[in-house]
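Peer 1: Provided below are the primary sequence and the corresponding predicted coordinates.
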Amino acid sequence: MDSHQVSAARLIAQGLIDSPRSETVTALSVVRHLGCVQAQALGGALVSIALRTGTSIAAVRAAMDSGAIVRTWTQRGTIHLTAAEDLGWILKLTGQRTLKSVAKRREFFGIDDAMVDAAALLAEEAIRDRGPLTRQELLNAFEPLQAGKDYGHERYLITTLALRNIITQGPMVDGKDDMKYVLSADWIPNPVDLDTEAALHEWMRRYVLSHGPVTIDDAARWTGLPKTPVRTAIAAAVADGEIVEDTIEGREHYQAPELEDRLHESRSGANKLLLLPGFDEIILGYKDRSATLDPEHERIVVPGGNGMFKNTLIDETKAQATWKRSPRKTGPRLIIDPFDDGAVDTDRAEAVASTHPAFD
């Protein structure tokens, strides 16, 4: 495999391009396969999953309501979707590390262990009494603490409880791209329990299989974990034959053993046009995004480097433009802004939009 094939291989590994070996997938199997799905923009995350299942957003929302998928701050201090049963062992890897990284911020807002313990009791009482709660309903339950109403007070109180795996986000809020808070122990009755070594091995195995070809740098950046344990876990997966190592233009990469064959089988499909939401894993899942997104165009996709990603149009395995929905009720569905005044096949893009889950 050469660098020009890396983006196509990643599109296949992530389930955005079908191959003759593809099997029927569900929202849960997509989330489990990817390891975690960034969900800062929840509406976009639902679209990302629907694109990989070939179903509607309504079907994805139903999977969320079933309890199979939860949303919380799994890695890098950023909120993600993950399989509910895997939440405990993922937070075992990342929770304390994230809590330590924001300890000074919690201290600044006056959130100490005693307050967190009291908040946990209030959350348990309110949720068990009233069922899943919206963010505001949960904050209302915390009023006896008099913790303050600044965003920082609210954020760090909630995220601390989440990182301790006391609460998580479970069912959807009706009619909104938002989720309600539940008690992890009650919402997830049969969590998978893995020790630290087994947990990191499993997480890295999934990451490589679903995102490969990837480097150690990619994996460390995605997890927010140090390179040494990441490298050890990946080496163990290679030794077990679960993943393989490949040298691409002088750099070590890791991928699924069958990915080369799938790339050959899906050669024509790899050139399909895709309309992806801004935080899709094909862009967010790597430290080095250059295989899919030219570094010169990254400032367009992430204007000002503010962490907010625009929707991207992928064609011939490369990001070619940003896009958004047209506000007009008639005429073209899309407003497309090509990079560098490049040509985009708008007819093909409109055809894709006609069956796209974001336009349901």
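Peer 2: Received, thanks.
Peer 1: rest of the way, CA atoms for contacts and neighbours
Peer 2: Fine.
Peer 1: Bridged to the spatially most central residue of the chain, which residues?
Peer 2: Nearest to the mean C-alpha position of the chain, by Cα atoms, centre = their mean, lies residue 37 at 1.7 Å. For residue 37, the residues forming beta bridges with it (DSSP bridges) are residue 81.
Peer 1: which residues does it contact?
Peer 2: By Cα atoms under 8 Å, 6 or more residues apart in numbering, residue 37 lies in contact with 31, 45, 80, 81, 82, 280, 281.
Peer 1: quick one: which of those is nearest residue 220?
Peer 2: Of all the contacts of residue 37, residue 281 has the smallest distance to residue 220: 15.0 Å, by Cα to Cα.
Peer 1: Provide a list of residues in contact with the closest one.
Peer 2: Neighbouring residues of residue 281 by Cα under 8 Å, 6+ apart: 37, 38.
Peer 1: For it, give me the pLDDT.
Peer 2: The predicted local distance difference test score for residue 281 is 97.
Peer 1: do the same with residue 51
Peer 2: Looking at residue 51, its pLDDT reads 96.
Peer 1: Residue 291 too?
Peer 2: We note a pLDDT of 95 for residue 291 in this prediction.
Peer 1: Can you give me the domain assignment for this structure?
Peer 2: The record's domain split for the chain, according to automatic domain parsing, is 22-187, 196-257, 270-359.
Peer 1: Which among those domains is found nearest to residue 8?
Peer 2: domain 270-359 (5.5 Å).
Peer 1: Straight-line length of that closest one, end to end?
Peer 2: This stretch, domain 270-359, spans 23 Å end to end (Cα to Cα, to the nearest Å).
Peer 1: What of stretch 287-307?
Peer 2: The first and last residues of stretch 287-307 sit 14 Å apart, counting by Cα to Cα.
Peer 1: which outside residues touch it?
Peer 2: With Cα under 8 Å, 6+ apart as the contact definition, stretch 287-307 has outside contacts at 3-4, 6-7, 217-219, 221-222, 282-283, 308-312, 317-319, 322, 339.
Peer 1: Can you tell me how far the residue nearest to the centre of the chain is from residue 237?
Peer 2: Taking Cα to Cα as the measure, residue 37 and residue 237 are separated by 22 Å.
Peer 1: Kindly report the same for residue 56.
Peer 2: In this structure, residue 56 and residue 237 are 35 Å apart, going by Cα to Cα.
Peer 1: before we move on, back to that, could you identify the most distant pair in the contacts of residue 37?
Peer 2: Spanning the widest gap among the contacts of residue 37 are 82 and 280, at 14.5 Å by Cα to Cα.
Peer 1: Show me which of the two is the more surrounded one.
Peer 2: Set side by side, residue 82 and residue 280 show more neighbours around residue 82, with 27 against 22, by other Cα atoms under 10 Å.
Peer 1: wait, what's in contact with the closest residue to the more buried one other than its chain neighbours?
Peer 2: Across the structure, with Cα to Cα, 6 or more residues apart in numbering as the measure, the residue nearest residue 82 apart from its sequence neighbours is residue 36 (4.8 Å). Counting by Cα under 8 Å, 6+ apart, residue 36 makes contact with 74, 80, 81, 82, 83.
Peer 1: Go ahead and confirm the second one touches residue 90.
Peer 2: No: the pair residue 80 / residue 90 is not scored as a contact, 11.4 Å apart, by Cα atoms under 8 Å.
Peer 1: list the residues that contact both of the two?
Peer 2: Where contact means Cα under 8 Å, 6+ apart, the residues bridging residue 80 and residue 90 through contact with each are residue 74.
Peer 1: what about the residue lying closest to residue 68 once chain neighbours are set aside, neighbour count?
Peer 2: Nearest residue to residue 68 in three dimensions, chain neighbours excluded: residue 84, at 5.4 Å (Cα to Cα, 6+ apart). Using other Cα under 10 Å, residue 84 has 26 neighbouring residues.
Peer 1: Surely residue 84 touches residue 66?
Peer 2: No: distance between residue 84 and residue 66: 10.3 Å, which falls outside the contact criterion (Cα under 8 Å).
Peer 1: quick revisit: put together TSV for the contacts of residue 37, with distance to residue 296 on each row.
Peer 2: Formatted as TSV, these follow (distance: Cα to Cα, whole Å):
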residue	distance to residue 296
31	31
45	25
80	28
81	30
82	32
280	19
281	20
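Peer 1: on that earlier part again, let me know the distance separating the residue nearest to residue 82 from residue 30.
Peer 2: To residue 30, residue 36 is 9 Å away according to Cα to Cα.
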